[in-house]
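**Q** structure, please.
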Amino acid sequence: MMPHVAYGSRYQRRLAGLRSGPPMPCVHCQVRRATTLDHDPPLAAHVHREGSDCCRLVPSCEACNKHGGRLVMLGRWRPQALVSPPDDEDMPLREPESLSEAHPGFARDYLRALLPIPADSLWPRLMTICHPRAVSSLGDEFCRWAEERSGRELRWWQRLVATRLLEVDADGRLVWEAAIISTARQVGKSWLLRELCLWRIHQGDRFHESQDVLHTGKDIAICVEVQRPARTWAKGQPNDFKVREVNGQQQIERLVDGSRWMLRARDAVYGYSVSLGAVDEGWRVPAAAVDEGLTPTMVEREQPQLLLFSTAHRRATSLMLDRRQAAINDMETGLGDLLIEWSAPRGGDPGDRDAWRRASPHWTDKRERMIDGAYGRMQSGEVVPDSDEPDPESSFRAQWLNQWPAKRAADSGPAEPLLPDGVWQGLVEAGPPAVGPAWVGLEDDFGVGAAVGCCRRCPDGRLELDGWLRGDWDSAVADIVALMARVRVRRVLVGATMLDRLPPELRRLAEPRAAAATRVGLALLRDLALAGGLVHDTVTGELDATMLLAAVRENANGLFLVSRGPTHLVKATVWALVAAHRPVPVPSIR
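**A** Sure thing, here's the model as predicted:
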């Protein structure tokens, strides 16, 4: 249930933007200057639910702002406005008409410089008007830098996105705190994201502090692919950059000021102070990973930005759907998040080539043939390659038409294996050279058994996992005590209700764990396994069998274990993994 907050931080941020920007007329009287934001319909005329599309914020003068409440008290407001908004899961997502390049909200000199639009390009179907405070853009500077660095000319749509994203006010400060960029697949999103991240770590002097770019996404493997060419480039300049290639924690550090571009799994973003947060294929990223993990870390940084890049998906989490809808609601005010989207309108014929074109900001004959081939596979019942969507038509509409779902998907998806077939088997290595301390997980099986999970680090940065089952709690505790005689144990992670059953020598090392820690651990295990950041020995038979049985369901809050096999061993293992992987907080440099 959404919180019933009418004048929260979101309202205050937009109000500050209105008051600090150019004068705007009141939308009601069209005479006086707007100095407040009015809820339309008025708060007295509906049950308010923040973020639910129950109303919109419009610029208003103080006199007109009070008018709606008086209408309600006098009984002149339409009674149907008093109906409560529908539940989130059933609420249709509203999409407005497109705003053309001739819209007065785009009347800025720095945008006119991008006109006329080249024949191989297209204006976005959905794009937020210019921010009220925007007077210029750093886009030209960025484009020159990126083209000089790479030796490659940016496409027109990439120049447009960079120009909008880097709009600045009269003081030269960035005006957008968050941006949502959405297109069909394979048009150059990854290339643009890579250049934006690299450019930001070169801006320490501009922002008067070292820049920390934290890049996460659907899984760590996709982030690695985006950064990989940049790491190769940076390694060729050892006097300027230090490159770290430890699986799951890859980063590029600029030596002159310590600015970094870091890759982290979507549930490993806590503990950093971030200048630029970049989320790739955000449709599969839980909202909590950004709202609770990433965004709070940006508060103390100078002019931070959050970038959400994603193609559509039927099973998108609330992160993209809610933020996209909120941006759509503010598209004609410029006071919300920046939205730039190329997509085909929902419905219609998937074979309509004009629809293919609207979702593709860069168009070539080769691209048309590629989409035509994907459409043919859809008609024959094949799923589009590299898709997480089992339905061929839904897959095609998401991947190539970039059509977001009309309603939020149900909370829980179907059960699926924790790891794809063959991934766990591919991580086996005889006698991996784990060194240093161990982190141990311990979980009870409702009084009829127990499980121990163990994680240690290898010299190359990978994490070695081990785990086993025991017939009773005392035997599992004895195993950990014996392990402590051979290896330094840093922490014992234990089910929160079982702390009192630990002996004193373990209790001093114990930390309680609950369901939230399991969700984080499941996502981290999946990401690191897919990226090759884990390893296990040839003699982990019980753990091997458990991982092959382990299944999960995914919803907007993350992954949840399905009761299949010894789930207590899965929990103990992922608790140990999270503790071993936990990053050390890095303070911002002032």
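**Q** OK, contacts around Cys26?
**A** By CB atoms under 8 Å, 6 or more residues apart in numbering, the residues touching Cys26 are Arg32, Arg33, Ala34, Pro59, Ser60, Cys61, Cys64. (Each C-beta comes from the backbone N, C-alpha and C, glycine too.)
**Q** from these, which would you call buried?
**A** Among the contacts of Cys26, those scoring as buried are Ala34, Pro59, Ser60, Cys61, Cys64 (criterion: 16 or more other CB atoms under 10 Å).
**Q** out of these, which are inside helices?
**A** Judged by DSSP state H, the buried ones among the contacts of Cys26 include Cys64 as members of helices.
**Q** take the buried ones among the contacts of Cys26 and keep only those in strands.
**A** Judged by DSSP state E, the buried ones among the contacts of Cys26 include Pro59, Ser60 as members of strands.
**Q** what is the nearest of the buried ones among the contacts of Cys26 to Glu195?
**A** Nearest to Glu195 among the buried ones among the contacts of Cys26, counting by CB to CB, is Pro59 at 35.5 Å.
**Q** is the closest one bridged to anything, and to what?
**A** Leu37 (DSSP bridges).
**Q** what about it, distance to Met484?
**A** To Met484, Pro59 is 65 Å away according to CB to CB, to the nearest Å.
**Q** if we can go back for a sec, and the buried ones among the contacts of Cys26, which two are the farthest apart?
**A** For the buried ones among the contacts of Cys26, and using CB to CB, no pair is farther apart than Pro59 and Cys64, which are 9.9 Å apart.
**Q** among the buried ones among the contacts of Cys26, which one sits closest to Ala516?
**A** Among the buried ones among the contacts of Cys26, Pro59 lies closest to Ala516 (CB to CB), at 40.7 Å.
**Q** can you put the buried ones among the contacts of Cys26 in a markdown table and add distance to Leu192?
**A** Putting those into a markdown table (distance: CB to CB, whole Å) gives the following:
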| residue | distance to Leu192 |
| --- | --- |
| Ala34 | 35 |
| Pro59 | 32 |
| Ser60 | 37 |
| Cys61 | 41 |
| Cys64 | 42 |
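**Q** would you mind measuring from the residue nearest to Phe560 when sequence neighbours are not counted to Glu542?
**A** Spatial nearest neighbour of Phe560, excluding adjacent residues (CB to CB, 6 or more residues apart in numbering): Arg553 at 5.1 Å. Look at Arg553 and Glu542: by CB to CB, they are 24 Å apart.
**Q** just Gln425 next, same as before
**A** Counting by CB to CB, the gap from Gln425 to Glu542 is 15 Å.
**Q** who has more neighbours, those two?
**A** When Gln425 and Glu542 are compared on other CB atoms under 10 Å, the one with more neighbours turns out to be Glu542, at 17 against 12.
**Q** isn't that one up against Trp468?
**A** Yes. Between Glu542 and Trp468 there is a contact under CB atoms under 8 Å: 5.0 Å.
**Q** now for the two: what residues contact both?
**A** Leu569.
**Q** name the residues of stretch 145-161 that come out as buried.
**A** For stretch 145-161, by 16+ other CB under 10 Å, it's Trp145, Ala146, Ser150, Leu154, Arg155, Trp156, Trp157, Gln158, Arg159, Leu160, Val161.
**Q** now, which of the residues you listed lie within strands?
**A** Taking DSSP E, every one of the buried residues of stretch 145-161 sits outside strands.
**Q** backbone dihedrals for Thr443, please?
**A** Small correction: residue 443 is Glu, not Thr. Note on Glu443: its backbone torsions stand at phi -140, psi 140 [degrees, to the nearest 10].
**Q** identify the bridge partners of it.
**A** Beta-bridge pairing of Glu443, defined through DSSP bridges, involves Ala451.
**Q** now do it, the pLDDT please.
**A** Glu443 is assigned 93 on the pLDDT scale.
**Q** how much space between it and Pro512?
**A** When CB to CB is the yardstick, Glu443 and Pro512 sit 11 Å from each other.
**Q** where in the stretch 451-590 of the chain is pLDDT low?
**A** In the predicted model of the stretch 451-590 of the chain, residues 555-557, 582-590 satisfy pLDDT under 70.
**Q** let me fix that: the stretch 251-400 of the chain
**A** In the stretch 251-400 of the chain, residues with pLDDT under 70: 381-390.
**Q** all helices for it, in order.
**A** 287-288, 318-329, 353-358, 365-379, 392-401 (DSSP state H, counting those that start in this stretch).
**Q** quick one: distance of the fourth one to the chain centre.
**A** Going back to what we said before, that points to helix 365-379. Relative to its chain's centre, helix 365-379 lies at 29 Å (CA atoms, centre = their mean, to the nearest Å).
**Q** can you check stretch 235-245 too?
**A** For stretch 235-245, the distance from its own C-alpha centre to the chain's C-alpha centre is 27 Å (CA atoms, centre = their mean).
**Q** next one: stretch 512-525
**A** Taking CA atoms, centre = their mean, one finds stretch 512-525 lying 18 Å from the centre of the chain it belongs to.
**Q** who's in contact with it?
**A** Outside stretch 512-525, the residues within contact range by CB under 8 Å, 6+ apart are 265-268, 418-419, 441, 493-496, 499, 534, 552, 557-561, 570-571, 573-575, 577-578, 581.
**Q** excluding chain neighbours, what is closest to Ile117?
**A** Using CB to CB, 6+ apart, the closest residue to Ile117 is Trp123 (6.1 Å).
**Q** so the one you found: helix, strand or coil?
**A** coil (DSSP: H, G, I helix; E, B strand; the rest coil).
**Q** that one against Glu101, yeah?
**A** Yes. Between Trp123 and Glu101 a contact is recorded at 5.1 Å, counting by CB under 8 Å.
**Q** so which of the two has more stuff around it?
**A** Neighbour totals were compared for Trp123 and Glu101, and Trp123 leads with 20 against 16 (other CB under 10 Å).
**Q** and the more buried one, how close does it get to Pro414?
**A** Where Pro414 is concerned, Trp123 sits at a distance of 38 Å (CB to CB).
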